[in-house]
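Asks: here are the coordinates; sequence isn't available:
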C-alpha cells in the first residue's frame with residue numbers, strides 16, 4: 001500500500017514536471033522572448049499554446065519586435081486590437097510539429113494556423129521564412145524541443161498580407 005502510494009506520488013511529480021516544459025513555459029523562462037510572452041498573454045493564447053499540441057512556433061526575439069515601426073507593439077497590445085494581435089501571433093504557429101530537418105528542400109508554402117495566409121519557408125543551408133510583406137526572417141536557433149511541439153527562433157516578426165513569392 002505504501003509502495004503504491006509512493007509510486008503514484010513519483011508518477012504525479014514526473015507528470016507535472018513534464019508538463020512544465022510547454023512552448024509557453026520555455027518562452028516565459030527566456031528573457032529574449034519577453035515581448036512575445038506579453039503578446040501571447042494579451043491575446044489570450046497562453047492556454048492554447050500550453051495545450052497538448054503539437055505546435056511549431058516561429059518565435060520572434062525581442063529585437064524583432066523592437067524593429068517594428070514605433071508604437072506598433074504598444075498598439076497591438078491594446079485590448080481593442082486583440083483580434084489583430086491574435087492574427088499576427090497565429091501567423092507564427094503551425095498545428096504540426098515541424099523540426100528543421102522536416103522542411104522540404106528548396107522553397108515551399110506552409111500554412112500557419114491563420115488559415116487564410118501562407119508562409120514561404122526555404123530550407124537550404126539554413127532556414128528562412130518569407131511572410132505576407134515579402135520580407136524574410138532567418139531562423140537563428142532551430143529545434144528547441146518542448147513537450148507540445150518545437151520552437152524555431154526568428155529575427156523578424158512575421159506579418160500577414162499578400163501571399164509571398166515562393167520559388
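Replies: Happy to help now that I have it. Bear in mind the structure is a predicted one, so any value in this text is a computation, not a measurement.
Asks: now the residue minimising distance to the centre of the chain: which helix or strand?
Replies: Residue closest to the average C-alpha location in the chain (CA atoms, centre = their mean): residue 57, at 2.3 Å. If you go by DSSP states H and E, residue 57 is part of strand 55-60.
Asks: in the helix or strand just after that strand, which residues are buried?
Replies: Remark: after strand 55-60, the chain's next helix or strand is helix 62-66, criterion DSSP H and E. Neighbour counts over helix 62-66 (16 or more other CB atoms under 10 Å) mark 62, 64-65 as buried. In short, each C-beta sits where N, CA and C put it, glycine included.
Asks: can you give the contact residues for helix 62-66?
Replies: By CB atoms under 8 Å, 6 or more residues apart in numbering, the surrounding residues in contact with helix 62-66 are 31-36, 39, 73, 137, 154-157.
Asks: how close does the nearest residue to residue 34 once chain neighbours are set aside sit to residue 74?
Replies: Nearest residue to residue 34, sequence neighbours excluded (CB to CB, 6 or more residues apart in numbering): residue 62, at 6.0 Å. Noted for residue 62: a distance of 14 Å to residue 74, by CB to CB, to the nearest Å.
Asks: re the thing from before, in the contacts of helix 62-66, find the pair that's most separated.
Replies: 31 and 137 (20.1 Å; CB to CB).
Asks: so residue 154 makes contact with residue 140?
Replies: Yes. Using CB atoms under 8 Å, residue 154 is in contact with residue 140, at 6.7 Å.
Asks: so if I had to pick from these two, which one is more boxed in?
Replies: residue 154 (25 against 13; other CB atoms under 10 Å).
Asks: nearest residue to the more buried one other than its sequence neighbours?
Replies: Sequence neighbours aside, residue 137 is the residue nearest to residue 154 in space, at 4.1 Å (criterion: CB to CB, 6+ apart).
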